[in-house]
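**Student:** using only what follows, build the 3D model:
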Amino acid sequence: MAVPNLSLEAFADDGFDVDQFVAGARKHLPLSNLQVQLREQVQQVQTAVVELINKDYQDFVALSSNLVGLDDALKQLQPPLVQTRRDIKAIMQEVQQEHQSLSQQLEARDQVRAEKQALQRFISINTSVDKIEQILRTENEDNGKLIERVAGELNQLQFYIEECKGTAFLEAMQPRLDTITNWVRQGLDASFSEALDKQSVDVIADSLKIYRSIGRMQDAQAIIKERVIEPFLDTVINRDAVKAPSDGLEAMYDKIITFVNDTCRSLHSAIERADVQLDEVVDLLWPCFYNQLTSRLGFVFASGIADAFHHNYRISFAFVDQLELGLGTLDRVRMLRAAPLYASFVKRWTLPVYFQLRFQEIAGTYEACLLDDNAPLPGAFPVPNEWSTLQALPVRALGACLYRCWHDDVLLSPLHHRFWKLSLQLVARARTHCQQLAVEAEDKLHLVLTEWTCIPPLIDSLFSTVIVPKLGLLEGHAREEVLGVISTLVASCSDLPTTCMVTLSKRFIEHAQTKLEACKGIPPLYRHTGRPAPQDASSYAAELLQPVQELLAAQAIFYGQHAKLKAHLCQTMAQALDAAVVACFQGVLDSAATLETSIQRIRKSKKKQTTSETMSDQDKIRKQLHLDLEAIVTTMEATLQTEPSDALTELRASLVVQDNST
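**Tutor:** Residues are numbered from 1 along each chain as shown. Below is the predicted model of the structure:
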């Protein structure tokens, strides 16, 4: 086995490790073999070197000739190079010293410049303070213009103050600065408050500009809330005002909308003139409204009573829609919806809890109607006119519950998808109930199926004309999906009677298969018993289709009106019963034939002569099976009104032939 990577390139690699190479090679071959291969590799390398020298011999000789005297030349070059190195080092030291000196001078100059700038700021601060104090001592000047002049100087003064924070000079000037700031704050706040009371748009706009220039917009917002917003909301948002009349909550919202259209509109005009980053609804009204609503009228968000929750939610979001409509621009609407307190307002409404209450109400009512045919529908579940002519309670209750899901007093737009799912679940529950009736209660089943043929068009009409319009604007793929679900739902409702017939037929087939087990007891009746040949069919043959006969007799009117369902039931029964009869009889025949063959083999081995009989036991068994089969076929033809299958006909023929041969 060859050593892996045994090449010149591997040995020339910078990361080549002898120990690692030997350790890896020992896994593949003994060290003696490795030594042999390495020697061969050395010989190949030596041979290659000799060949290379012989090939380029003249070049090697020329190279050695060119190198003669090179050492002397290098020794002559060494002294000048050493001297040059010393000169360069000395120059570098001088340059470094000069650089250090220049750096120190530049740092000193920068420090002088900074001190000069600080001194200029100090002079500017002192000049501005003197100027402001001189303005404040001016008499017979309008207070508003005086505040505007002082605010302009104060704005410039604040720039210098920011640059001089932490200095001893500023600490010494602080009492004078505080006096000026307090005077401006008091005067501006008083002037702004008076303008708000008088709704003077021009003065409000000028004041807002001053607030913006001195960086006190938060104070301006606080004053607007204190003087305008909160006093109004205090009189409007309170428990007594809401609970007094039946529409107190709606009246409260109407007053707020009126306030927005009147007072807030003039305030908005002033804000636009001042050109400040402020919105009277988003930044001022909505925070105050939300805080007072949650603190004073928190019961509005309670979801314990579904009707009250629905009423409060619908009125509250109608108010929000009006408020957004009054904002005027899409950008302001987006600002409102992006506000944190707007998101908090939406989250306060516990929609999942409300839906659970409605789910229990609607699904519980429908389930009660399915369990008790005499259970009355609650007053909140009126039966739609289109469904009122139906008599079966499960069918009428389905219509009432579906309409209840999409009634204006129940439905909320954020829950469209949940009520859509509940509607599909109600229809599915009705289908499941009918299939259960096919197993447990045939009388109730046929009463429901009598009217179920009216259900598909009613459901199609309900979903297409009532539900889909309330889902909002559906376009493209979404609309196609919804219409596809409706088509599938209507088709499943149309197929329900046929499905119930299949369920009934399975039940009857199970009964028939149980009765057919009796034919397996025929061979023991005639095997070595001396029993005479049979003359009549067994009793089980007449009982095989007894449940079907009773059903068709009891529901003669229903199946007379629904001939297709009867034909489907009979056809399904006939196909399954044919297969069951053929399988059971053929199994009995095969078992009897196998046993008869074994008996004949035993008799021959013992050389016993059997006495001749008019009919053997095997023939008696076949004759009894023939009589039973004829009775079954006759009953099937009379009850199910169908022809026997080819397999059943072949079985009858085989039994007739065997019977005739005896």
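
**Student:** which SS state does T642 fall under?
**Tutor:** coil (DSSP: H, G, I helix; E, B strand; the rest coil).

**Student:** quick one: contacts for it?
**Tutor:** By C-beta atoms under 8 Å, 6 or more residues apart in numbering, the contact set of T642 is C570, Q571, A574, M636. Glycine gets a C-beta too; all of them are placed from N, C-alpha and C.

**Student:** the last one: how many residues sit nearby?
**Tutor:** The one in question is M636. Number of residues near M636 (other C-beta atoms under 10 Å) recorded here: 23.

**Student:** likewise Q641?
**Tutor:** 13.

**Student:** who's in contact with it?
**Tutor:** With C-beta under 8 Å, 6+ apart, Q641 has these contacts: C570.

**Student:** pLDDT value on it, please?
**Tutor:** pLDDT recorded at Q641 is 77.

**Student:** and the helix or strand where I315 lies, what's buried?
**Tutor:** Following DSSP states H and E, one finds I315 within helix 306-327. Buried residues in helix 306-327, counted by 16 or more other C-beta atoms under 10 Å: 306, 309-317, 319-320, 323-324, 327.

**Student:** what's whichever helix or strand comes after it packed up against?
**Tutor:** Note on helix 306-327: by DSSP H and E, the next helix or strand toward the C-terminus is helix 330-338. Judged by 3 or more C-beta pairs under 8 Å, 6 or more residues apart in numbering; DSSP states H and E, helix 330-338 is in contact with helix 306-327.

**Student:** which among the contacts of T642 end up buried?
**Tutor:** So, by 16+ other C-beta under 10 Å, the buried ones in those are C570, A574, M636.

**Student:** which one of those is nearest to P384?
**Tutor:** C570 (36.2 Å; C-beta to C-beta).

**Student:** what's the spacing between the closest one and C500?
**Tutor:** 14 Å (C-beta to C-beta, to the nearest Å).

**Student:** which residues are in contact with K566?
**Tutor:** K566 neighbours (C-beta under 8 Å, 6+ apart): L552, Y559.

**Student:** centre of the chain to the host helix or strand of it, how far?
**Tutor:** Using DSSP H and E, K566 sits within helix 563-606. Its chain's average C-alpha position is 56 Å from that of helix 563-606, according to C-alpha atoms, centre = their mean, to the nearest Å.

**Student:** and the contacts of T642, which is closest to S645?
**Tutor:** For these, the residue nearest S645 by C-beta to C-beta is A574; the value is 7.8 Å.

**Student:** nearest residue to the closest one other than its sequence neighbours?
**Tutor:** The shortest distance from A574 to any non-neighbouring residue, by C-beta to C-beta, 6 or more residues apart in numbering, is to T642 (4.1 Å).

**Student:** quick one, phi psi at that neighbour?
**Tutor:** With angles defined as degrees, to the nearest 10, T642 sits at phi -130, psi 160.

**Student:** which ones are touching L545?
**Tutor:** F508, A512, M573, L577, T635, M636, T639, L640.

**Student:** farthest-separated two in those residues?
**Tutor:** F508 and T635 (12.8 Å).

**Student:** returning to what we had before: ok, and the most crowded of the contacts of L545?
**Tutor:** These, ranked by neighbours (other C-beta under 10 Å): first place L577, 27 neighbours.

**Student:** need the longest helix for this structure.
**Tutor:** Longest helix in the chain by number of residues (criterion: DSSP state H): helix 70-136.

**Student:** burial of C584, as a residue count?
**Tutor:** Other residues close to C584 by other C-beta under 10 Å number 19.

**Student:** excluding its backbone neighbours, what's nearest H528?
**Tutor:** D617 (6.7 Å).

**Student:** so which residue is dead centre in the protein?
**Tutor:** Closest residue to the average C-alpha location of the chain: H417 at 11.8 Å, with C-alpha atoms, centre = their mean.

**Student:** state the distance from that residue to L627.
**Tutor:** Counting by C-beta to C-beta - H417 and L627 are separated by 65 Å.

**Student:** ok, now T572?
**Tutor:** In terms of C-beta to C-beta, T572 sits 27 Å off from L627.

**Student:** and if you look at A428?
**Tutor:** In terms of C-beta to C-beta, A428 sits 49 Å off from L627.

**Student:** the two: who's more crowded?
**Tutor:** L627 (18 against 12).

**Student:** quick check: which element contains that one?
**Tutor:** Using DSSP H and E, L627 sits in helix 617-639.

**Student:** what angle separates that helix from helix 563-606?
**Tutor:** Interaxial angle, helix 617-639 versus helix 563-606 (axes from the mean of the first three to the mean of the last three C-alpha atoms, to 10 degrees): 180 degrees.

**Student:** so for helix 617-639, what gets flagged as buried?
**Tutor:** Buried, per 16+ other C-beta under 10 Å, within helix 617-639: 617-629, 631-633, 635-636, 639.

**Student:** report all helices and strands that that helix contacts.
**Tutor:** Against helix 617-639 (3+ C-beta pairs under 8 Å, 6+ apart) you get helix 522-526, helix 539-543, helix 546-554, helix 563-606, helix 646-660.

**Student:** format the CA atom coordinates belonging to that helix as CSV.
**Tutor:** Taking Å, rounded to 0.1, in the frame of the first residue of the first chain, the C-alpha atoms of helix 617-639 are listed here in CSV:
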residue,chain,number,x,y,z
ASP,A,617,-74.3,-35.1,3.3
GLN,A,618,-72.5,-32.7,1.0
ASP,A,619,-75.5,-32.6,-1.3
LYS,A,620,-77.8,-31.8,1.6
ILE,A,621,-75.5,-28.9,2.5
ARG,A,622,-75.5,-27.6,-1.0
LYS,A,623,-79.3,-27.9,-1.2
GLN,A,624,-79.8,-26.0,2.0
LEU,A,625,-77.5,-23.3,0.7
HIS,A,626,-79.4,-23.3,-2.5
LEU,A,627,-82.7,-22.8,-0.8
ASP,A,628,-81.3,-20.0,1.4
LEU,A,629,-79.7,-18.2,-1.5
GLU,A,630,-83.0,-18.3,-3.6
ALA,A,631,-84.9,-16.9,-0.6
ILE,A,632,-82.3,-14.1,-0.2
VAL,A,633,-82.3,-13.3,-3.9
THR,A,634,-86.1,-13.2,-3.9
THR,A,635,-86.2,-10.9,-0.9
MET,A,636,-83.6,-8.6,-2.4
GLU,A,637,-85.4,-8.3,-5.7
ALA,A,638,-88.7,-7.5,-3.9
THR,A,639,-87.3,-5.1,-1.3
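
**Student:** centre of the chain to it, how far?
**Tutor:** Distance, centroid of helix 617-639 to centroid of chain: 63 Å (C-alpha atoms, centre = their mean).

**Student:** quick one: contacts of the helix holding I315?
**Tutor:** Counting by C-beta under 8 Å, 6+ apart, 249-250, 253, 256-257, 260-261, 281, 300-303, 333, 336, 349, 354, 357-358, 361, 409-410, 412 sit against helix 306-327.
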